[in-house]
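1. Starting from these lines, generate the structure:
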Amino acid sequence: MTAIPYSASGAMPKTGRGQYDTGPRIVELETFCTPIVGFVRVTTDDGVQGWGQVSTYNADITAQVFHRQIAPWALGRGIDALEQIVEEIPKREHKYPGTYLMRALAGLDTAVWDWRGKSAGQSVAQLLGGTPGKLRAYASSMRRDISANDEAQRMAALRDTNGFDAFKVRVGSECGHDIDEWPGRSEDVVLAVRRALGNGVALLVDANSGFSPLRAIEVGKMLEANGVEHFEEPCPYWRLEDTVQVTRTLELDVAGGEQDWDLENWRRMIDMRAVDIIQPDILYLGGMTRSMQVAHMGAKVGLPCTPHCANLSMVTLFTMHMMRAIPNAGRYLEFSIEGADYYPWQDELFTVSPYDIKDGCAQVTDAPGWGVEISPEWLSKSTYLSSEA
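-> As a prediction, the model looks like this:
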């Protein structure tokens with residue numbers, strides 16, 4: 001473990017304990033990071049600890065943001081004040097809005113939820129008002145560099161070995177301006193997978209902001225003809241009005257929202273009914289507290305919530321607990337099918353993986369908190385930072 005001394009004091013004035021700051025005080029916040037993954041440990045003055053995670057990718061940068069702009073506002077506060085702290089930090093840091101602040105805030109939030117679960121002897125799902133249990137999962141491909149036939153073959157293998165009955169493939173090209181990864185691939189991969197799996201499975205696609213409204217509608221008609229039920233992020237996500245055109249034209253469900261970290265933009269998206277399915281990412285949005293707010297906003301107007309979780313760090317585990325608790329959980333959990341050849345970093349994170357798909361379902365256990373242990377070996381190789389009260 002690389003130890004880097006770090007003091008939060010002096011970076012920004014700490015807040016005092018207010019009327020809502022009940023419960024044990026937060027006395028230490030630690031990060032354990034690589035450039036790809038970053039875990040957070042919260043410790044209170046009674047010695048209880050909880051584990052969370054900042055968002056994947058550039059996690060080492062996010063850790064710096066965490067210690068400079070998140071930890072100072074949380075240290076010394078009562079653990080029960082999490083909801084107030086989560087609301088206060090974007091205001092305290094109002095000159096620094098954006099994804100890095102939210103990716104860092106997620107580390108604090110998710111660590112405190114684990115702390116709460118361990119203190120109460122309950123899973124986070126139970127704390128959120130839900131129950132342990134199964135979740136239907138869809139096999140989610142992350143690849144566009146794979147041929148249509150190869151993609152179809154590996155989906156069929158997953159159906160046969162793990163019992164998946166829902167599958168997502170990639171169409172278009174990421175932010176591709178109507179250009180496929182290679183000519184004709186979008187049509188080819190949908191046809192090949194449908195042919196290989198038959199009509200008895202759910203088929204989803206993700207365009208990753210690849211199309212203009214006109215081309216998205218054209219592709220969407222092809223998807224409808226092949227029984228695709230979920231068309232994700234068809235247009236550049238920052239052009240909400242473009243997505244609205246697609247949603248209002250097509251019969252299949254249009255999904256989106258994974259990139260959105262701003263609650264005001266979420267209110268606008270939901271008020272406009274810009275999508276049929278909302279897809280907050282717990283780690284992009286700032287943690288469980290804010291993600292539950294978005295889910296409940298959607299529930300009030302009848303929009304299902306199928307959160308985005310595109311790798312097997314803790315984000316999928318967080319999503320599993322959330323989906324067992326919200327009233328408007330979507331039809332299935334996103335479950336990345338990419339292994340060590342695509343994500344060489346994810347297989348060594350936990351002492352025992354929480355991700356075991358049986359009969360096409362993931363399982364939320366009744367273990368306290370998140371119910372997972374970070375690998376000590378992985379932690380020993382990470383870059384370490386600590387902020388103390």
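2. helices or strands up against the lengthiest helix in the chain?
-> If you go by DSSP state H, the chain has its longest helix at helix 99-120. Applying 3 or more C-beta pairs under 8 Å, 6 or more residues apart in numbering; DSSP states H and E, we find helix 99-120 packed against strand 26-33, strand 38-44, strand 49-54, helix 59-65, helix 82-92, helix 124-127, helix 282-285, helix 288-300. Yep, even glycine has a C-beta here, placed from its N, CA and C like the rest.
3. Please confirm that I179 is located within a strand.
-> No: if the criterion is DSSP: H, G, I helix; E, B strand; the rest coil, then I179 is coil and not within a strand.
4. My read is that A310 contacts M142, right?
-> Yes: under the criterion of C-beta atoms under 8 Å, A310 makes contact with M142 at 6.4 Å.
5. What residues sit buried inside the longest helix of the chain?
-> 99-119 (16 or more other C-beta atoms under 10 Å).
6. just stretch 299-313 next, same as before
-> For stretch 299-313, by 16+ other C-beta under 10 Å, it's 299, 303-313.
7. Please apply the same query to stretch 318-337.
-> Within stretch 318-337, the residues scored as buried using 16+ other C-beta under 10 Å are 318-326, 328-330, 332-337.
8. Take those residues and keep only those in strands.
-> Per DSSP state E, strands hold the following members of those: 333-336.
9. so is R136 in a helix, a strand, or just coil?
-> strand.
10. From D178, how far out is it?
-> Taking C-beta to C-beta, to the nearest Å as the measure, R136 falls 33 Å from D178.
11. Dump the ones in strands among the buried residues of stretch 318-337 to JSON lines, plus pLDDT and distance to G50.
-> Shown next, in JSON lines, are these (pLDDT from 0 to 100; distance: C-beta to C-beta, whole Å):
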{"residue": "L333", "pLDDT": "98", "distance to G50": "23"}
{"residue": "E334", "pLDDT": "98", "distance to G50": "25"}
{"residue": "F335", "pLDDT": "98", "distance to G50": "25"}
{"residue": "S336", "pLDDT": "98", "distance to G50": "25"}
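12. will you turn the residues you listed into TSV that also has distance to E241?
-> Output for those, formatted as TSV (distance: C-beta to C-beta, whole Å):
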residue	distance to E241
L333	30
E334	26
F335	32
S336	31
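13. Which one of these is nearest to C33?
-> Ranked by distance to C33 (C-beta to C-beta), these are led by S336 at 20.8 Å.
14. Would you check that the closest one makes contact with M142?
-> Yes: using C-beta under 8 Å, S336 is in contact with M142, at 6.1 Å.
15. which residues are in contact with both of those two?
-> A310 (C-beta atoms under 8 Å, 6 or more residues apart in numbering).
16. The closest residue to D356 other than its chain neighbours and M322: what is the separation?
-> Nearest-residue entry for D356: Q363, 6.9 Å, with adjacent residues in sequence omitted and distances by C-beta to C-beta, 6 or more residues apart in numbering. Separation of Q363 from M322 (C-beta to C-beta): 15 Å.
17. got it, and N162?
-> 22 Å.
18. Next: K381.
-> K381 sits 30 Å away from M322, going by C-beta to C-beta.
19. Over to A255?
-> Distance, A255 to M322, by C-beta to C-beta: 16 Å.
20. Also G107?
-> From G107 to M322 the distance is 16 Å (C-beta to C-beta).
21. pull the CA atoms of stretch 163-171 into PDB?
-> The C-alpha coordinates for stretch 163-171 follow below in PDB (Å, rounded to 0.1, in the frame of the first residue of the first chain):
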ATOM      1  CA  GLY A 163     -30.100 -19.000 -17.600                       C
ATOM      2  CA  PHE A 164     -30.300 -15.400 -18.900                       C
ATOM      3  CA  ASP A 165     -33.500 -14.600 -20.700                       C
ATOM      4  CA  ALA A 166     -32.700 -10.900 -21.400                       C
ATOM      5  CA  PHE A 167     -29.800  -9.500 -23.400                       C
ATOM      6  CA  LYS A 168     -28.400  -6.100 -24.400                       C
ATOM      7  CA  VAL A 169     -26.200  -5.400 -27.400                       C
ATOM      8  CA  ARG A 170     -24.500  -2.200 -28.700                       C
ATOM      9  CA  VAL A 171     -25.700  -0.500 -31.800                       C
END
